[in-house]
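Trainee: One predicted model, sequence on top.
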Protein chains: 2
Amino acid sequence: MTATSVGPVADLTPEHAATLQRALTAIVDRGYWSAYPESPSPRVYGEAAAPAGAAAFQAYLGEDFPLDQPGTTDRVATESSPYGIELGIRYPHGDPDALVAAALAALPGWRDAGPAMRAEVCLRILDRLHEHIFELANAVQYTTGQAFVMAFQAGGAHALDRALESLAYAYAEQTRHPGAADWEKPAGRADSLRMRKTFHVVPRGVALVIACNTFPTWNSYPGLFASLGTGNPVIVKPHPGAVLPLAITVRYAREVLAEAGFDANLVALAAQAPGEGLASVLAQRPEVRVIDFTGSTGYGQWLENNARQAAVFTEKAGVNTVIVDSTADFAGMCRNLAFSLTLYSGQMCTTPQNILVPRDGIDTDLGHKSLAEVAAGIAGAVGALTADPARAVELTGAVVNDSVVPRIEAARERGEVLLDSHPVRHPGHPAAVVRTPLIVGVDAAAQDVFGREWFGPIAFLVSTGTTAESLALFRRTVGAAGALTASVYSTDEAVLAEAERAAIEVGVHLSQNLTGGVFVNQSAAFSDFHGTGANPAANAALTDGAYVASRFRIVQSRRHS
Amino acid sequence: MTATSVGPVADLTPEHAATLQRALTAIVDRGYWSAYPESPSPRVYGEAAAPAGAAAFQAYLGEDFPLDQPGTTDRVATESSPYGIELGIRYPHGDPDALVAAALAALPGWRDAGPAMRAEVCLRILDRLHEHIFELANAVQYTTGQAFVMAFQAGGAHALDRALESLAYAYAEQTRHPGAADWEKPAGRADSLRMRKTFHVVPRGVALVIACNTFPTWNSYPGLFASLGTGNPVIVKPHPGAVLPLAITVRYAREVLAEAGFDANLVALAAQAPGEGLASVLAQRPEVRVIDFTGSTGYGQWLENNARQAAVFTEKAGVNTVIVDSTADFAGMCRNLAFSLTLYSGQMCTTPQNILVPRDGIDTDLGHKSLAEVAAGIAGAVGALTADPARAVELTGAVVNDSVVPRIEAARERGEVLLDSHPVRHPGHPAAVVRTPLIVGVDAAAQDVFGREWFGPIAFLVSTGTTAESLALFRRTVGAAGALTASVYSTDEAVLAEAERAAIEVGVHLSQNLTGGVFVNQSAAFSDFHGTGANPAANAALTDGAYVASRFRIVQSRRHS
């Protein structure tokens, strides 16, 4: 049972046609595939790439960022690096009316170029960004506090993969119908009725991407390329703390667009002055018809409620949850959880927060383990990962902003400290604030504590009566506050099945018995969906048909033939 | 460049698999196809079908409608036939909480059945409805005022085609990803990482379909089958004036669901008592997550603004517009327009309202025609269609409700009456109110008059300075008030191209130079899109990817393999 569609390929180079076809296959197979190598090794990228990227990054520091946009009246410098280095990069700033007007003026030519030409140009943008992946990785590292390898992978290769995935969906969706069709209706003895019908793909309008501080590229590339690929000019509004990765993105996108003969204003940067509220100004413009947002629940809901003229895609906060019932690999479970808690100081939207464990303990391959022993097992594994500062910081990175440490302090007061968070001196960046994970023990009754998100390296070990109570609590808390990830550990297939059923009911992706090299906070482009749209943490998934289908409309024209 | 997907077919009978495959091909080709013969001829349906359908309809009159639903506390009879016959059918009425609770209880089994089984059961429902097409046609005729043939076609065969089209999109969308995938990521010299991923299609929740008086089946079947096909239980809230066609639909749907071993409460009827406001009660229930609505702009906007927990698909009012520049077939143009204005007394959401003509007249195959001659040409063609009452009523049907005749009277006062509306005595139903089209001449400046919808057999001949001014007026009025259809008459390819460009910009489907047997107010399932979602008259199209993609979500579960 197959629905096929064929689009024009003449506008694509053979190489890009092959890449797009492979991506189209990948989004259907959902098996493993990646277009952009995730290893920053010189064996992959050559000896020159890393130093060149670092030098390109350094060259931006303290300078006017090279971006010539309409309506620029002054410059803003709003970033402060979690690594304590001086950034001082000055971005163009000015009149949002001019940005919107320029985007609208750029729309018709891009709309009329059609899906295949847009895919070709977007693929060239991805090529150009990939050429500058080390530059991007440095920008991500020093604005978000991610460690370098993570910044290279999540902020570079994986972000590009997600962009390509999104572009493939956009292309598939636009070409599921032909550009034109001949319709011939039999009319009995009379001549049949014959019509030629033309189907135009029409973008919704101007698109706005509102990015976050922690994953400026990974979280915004899907929306950016889904909107651009479907014909909408895109205004990128970066988080004031992480402008550079998107300024670089916009720079190269504009470069490629202009080279291809299109209006560079199809992609523009809207950096804001402190306290300006530029996102809200842009989000309520009638011309803005698509919005992608990653950030707080409060602001996401504000957008959903107030940007009524637009299709609004939001990823917000949630309470990612682990249900621990039993395990056949206690050490592996503890190591896996410890890694997930430690990675980027728990500052991922996918980091587990609530670990639900029966208060009588669990059965494991090492015998029955009490609740205290489970806590100690995870704490020990965190300790092993963070004992050596030089190794620790390659996992933790640095704390992204000033709100995190006070939150750790507040969380310490809300239960029993099972593993305390401690500062780590970053060998390379002594000014960086680095903190190891905090684990606080609380009772299942303390839902006022763990029933909301505590952003940062903060986890709660929640003691429940039984796994059945854990599952009920999981349904209740995730149903109310949402989650981007959930995981379960059990040796009992019935428990796994019930956890899967609960995950389906509350609409959250589930990982089962992760004890090796796959972590609940990592999702793989082309295979794992990120978010579901089925719980309060996100109103859409990255990336599926629903993520792209309403970014354009079809307008038909028909005449007799 | 192809994205293919293969779904399980084991749940489908060979016959239904073939029907579905043909429909899946049709929605990709967008050429001519129909699954349900539109001719009510005995040569197609047999001699017995028509009398049996009429008898089935008659048997409902004055009786309790046979529908056993949860929460029924009493009965309501709200219909009054435009043909003046006594209907007096009493529908179950009662507790909306019980309907919602029953729908929710029915959800898990239907969700777990999967896309192919749902398609199979929905196809059986369509078969059952098709077996009762004459019964449906009588119900549509006597509640909406449509003439019989139109009720049979639009309310029967074409509605079933649109349902199947929608079901095909729903199936294609749910199966564009596999149910499960194996993911194997190379890990250098170490063993590769292997995961088994399961992708569950999860419905959004309870779906609500709010139907209209004039096209109770045609306008609600796409939403009904899109929602049901994607796993959502559906509550059908009929217009109080046209309950029977949907009561019949719900009756047979419940019958088929129960026969297939599913909960009959997956489809329920929510008939309302006068003034009850049941649609608003249901639309704001948190369990209701998808809403399809056809009706007034005011109520559609209320739903969009207030049913924030739901994906809301609305079709509202608009100002359908004809741009007359020139023609190579003056008589054909006049006949075609006259037919469109007369068909079902102009009570179609697709009927043209505003006919824009340069005040200096137009060039035609019969020489230059003044504005008055154009008006006379159309008026004459209407006259020819409506001169014989017996023939006239087979086109006009009857006026659907009491609001139409006063609106005709009001419109007469707003300009020069170029063709007056007159009553026609229906030979078979003397109590029916039948009115021929009114054409009122107004100037382009009178936008306060023609810039909004005048529902009924009311058209405005709007005199403009030039075709360029017509195009500007078209952009302005359709941009502001929306439209479901637009058409243009011109012998000049440049004008046609400019009209197409304007249609693309304001987001409305365009028909060019219709002079024969295709009319602007008719759209063909599987080929023509109905509505665009790109102008104020509708926020979605029937039916495309965007119409189905957000009716479900994907929840994945993964484990090592």
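Mentor: Here it is on my side, so go on.
Trainee: Count the neighbours of the closest residue to chain B within the stretch 201-350 of chain A for me.
Mentor: The nearest approach of the stretch 201-350 of chain A to chain B comes at A:V202, 5.7 Å away (Cβ to the nearest Cβ). C-beta: built from backbone N, CA, C; applies to glycine. For A:V202, the count of nearby residues is 22 (other Cβ atoms under 10 Å in any protein chain shown).
Trainee: low-scoring stretches of chain A, by residue?
Mentor: Filtered on pLDDT under 70, chain A yields the residue ranges A:1-9.
Trainee: still on that earlier bit, which residues does the residue of the stretch 201-350 of chain A closest to chain B bridge with?
Mentor: With beta bridges defined as DSSP bridges, A:V202 has these partners: A:R553.
Trainee: Give the full set of residues in contact with it.
Mentor: Contact analysis of A:V202 by Cβ atoms under 8 Å, 6 or more residues apart in numbering or on different chains lists A:111, A:231, A:552-555, B:504, B:507, B:532, B:534.
Trainee: Most neighbours among the residues you listed, please name it.
Mentor: Busiest of those [other Cβ under 10 Å] is A:F552, holding 29 neighbours.
Trainee: That one reaches A:T230, doesn't it?
Mentor: Yes. With contact defined as Cβ atoms under 8 Å, A:F552 and A:T230 form a contacting pair (4.2 Å).
Trainee: can you list residues touching both of those two?
Mentor: Jointly contacting A:F552 and A:T230 under the rule Cβ under 8 Å, 6+ apart are A:173-174, A:201, A:203-204.
Trainee: center of chain A, which residue is that?
Mentor: A:N219 (2.7 Å; Cα atoms, centre = their mean).
Trainee: Give me the phi and psi angles of the closest residue to that residue other than its chain neighbours.
Mentor: Distance criterion Cβ to Cβ, 6 or more residues apart in numbering or on different chains; nearest residue to A:N219, sequence neighbours excluded, is A:T294 at 4.1 Å. Backbone torsions of A:T294, given as degrees, to the nearest 10, read phi -130, psi 130.
Trainee: Spell out which parts of the stretch 351-500 of chain A neighbour chain B.
Mentor: A:496, A:500 (Cβ under 8 Å from any Cβ of the partner chain).
Trainee: For chain B, what's the nearest residue on the stretch 351-500 of chain A?
Mentor: For the stretch 351-500 of chain A, Cβ to the nearest Cβ, closest residue to chain B: A:E500, 4.9 Å.
Trainee: In contact with that residue, which residues?
Mentor: Taking Cβ under 8 Å, 6+ apart as the test, what A:E500 contacts is A:510, A:512, B:198, B:557.
Trainee: In this structure A:N401 contacts A:T143, no?
Mentor: No. A:N401 is beyond contact range of A:T143, at 10.7 Å (criterion: Cβ under 8 Å).
Trainee: Give me the more crowded residue out of these two.
Mentor: Higher neighbour count among A:N401 and A:T143: A:T143, with 29 against 19, using other Cβ under 10 Å.
Trainee: tell me which element that one falls in.
Mentor: Using DSSP states H and E, A:T143 falls within helix A:133-144.
Trainee: tell me what that helix is packed against?
Mentor: Using 3 or more Cβ pairs under 8 Å, 6 or more residues apart in numbering or on different chains; DSSP states H and E as the contact test, the elements touching helix A:133-144 are helix A:49-60, helix A:148-152, helix A:244-259.
Trainee: can you state the direction angle for it and helix A:49-60?
Mentor: Angle of helix A:133-144 versus helix A:49-60, following axes from the mean of the first three to the mean of the last three Cα atoms, to 10 degrees, is 50 degrees.
Trainee: I'd say A:A187 and B:G517 touch.
Mentor: Yes. In this structure, A:A187 is within contact of B:G517 by Cβ under 8 Å, at 6.7 Å.
Trainee: what do those two both touch?
Mentor: Taking Cβ under 8 Å, 6+ apart as the criterion, A:A187 and B:G517 both touch A:L193.
Trainee: The two: who's more crowded?
Mentor: B:G517 (15 against 12).
Trainee: which residues does the closest residue to the more buried one other than its chain neighbours contact?
Mentor: Nearest non-adjacent residue to B:G517, counting by Cβ to Cβ, 6+ apart: A:L193, 5.4 Å away. Listed by Cβ under 8 Å, 6+ apart, the contact set of A:L193 reads A:183-185, A:187, A:560, B:516-518.
Trainee: Do a quick rundown of the strands in the stretch 51-200 of chain A.
Mentor: Secondary structure of the stretch 51-200 of chain A (DSSP state E, counting those that start in this stretch): strands at A:72-76, A:91-94, A:180-187, A:190-203.
Trainee: Buried deepest among those strands, which one?
Mentor: Greatest average neighbour count among the strands of the stretch 51-200 of chain A goes to strand A:91-94 (a mean of 22), per mean count of other Cβ atoms under 10 Å in any protein chain shown.
Trainee: Show me what it packs onto, helices and strands only.
Mentor: Using 3+ Cβ pairs under 8 Å, 6+ apart: strand A:91-94 touches strand A:72-76.
Trainee: Please compute how far the strand it packs on lies from its chain's middle.
Mentor: Computed by Cα atoms, centre = their mean, to the nearest Å, the chain-centroid distance of strand A:72-76 equals 29 Å.
Trainee: rewinding a little: and the residue of the stretch 201-350 of chain A closest to chain B, how far is that from B:L510?
Mentor: 12 Å (Cβ to Cβ, to the nearest Å).
Trainee: list residues touching both of those two?
Mentor: A:V555.
Trainee: count of residues packed around the closest residue to A:P66 other than its chain neighbours?
Mentor: Spatially, and ignoring its direct neighbours in sequence, A:P66 is nearest to A:R251 (6.6 Å; Cβ to Cβ, 6+ apart). Counted with other Cβ under 10 Å, residues neighbouring A:R251 total 21.
Trainee: try A:H368
Mentor: 11.
Trainee: sec struct for it, please.
Mentor: Of the three states, A:H368 takes strand under DSSP: H, G, I helix; E, B strand; the rest coil.
Trainee: what is it paired to in the beta sheet?
Mentor: A:D363.
Trainee: Thought A:V374 was touching it, still the case?
Mentor: No. Under the criterion of Cβ under 8 Å, A:H368 makes no contact with A:V374, lying 10.4 Å away.
Trainee: Find residues that contact each of the two.
Mentor: Taking Cβ under 8 Å, 6+ apart as the contact rule, A:H368 and A:V374 both touch A:361-362.
Trainee: A:G155 - nearest residue in space that isn't next to it in sequence?
Mentor: A:V140 (3.2 Å).
Trainee: Quick check: the one you found touching A:P216?
Mentor: Yes. A:V140 lies in contact with A:P216 (Cβ under 8 Å); the separation is 6.6 Å.
Trainee: list residues touching both of those two?
Mentor: Shared contacts of A:V140 and A:P216 (Cβ under 8 Å, 6+ apart): A:155, A:242, A:245.
Trainee: For A:A390, which residues are in contact?
Mentor: For A:A390, the contacting residues are A:P427, by Cβ under 8 Å, 6+ apart.
Trainee: roughly how far out does the helix or strand encompassing it sit from the chain middle?
Mentor: Using DSSP H and E, the element containing A:A390 is helix A:389-396. Its chain's C-alpha centre and that of helix A:389-396 lie 23 Å apart, by Cα atoms, centre = their mean.
Trainee: What lies in contact with stretch A:107-122?
Mentor: Under Cβ under 8 Å, 6+ apart, the answer for stretch A:107-122 is A:7-13, A:16, A:20, A:163, A:167, A:170-171, A:174-175, A:179, A:201-203, A:205-206, A:225, A:228-233, A:256-257, A:260, A:262-263, A:266, B:1, B:504.
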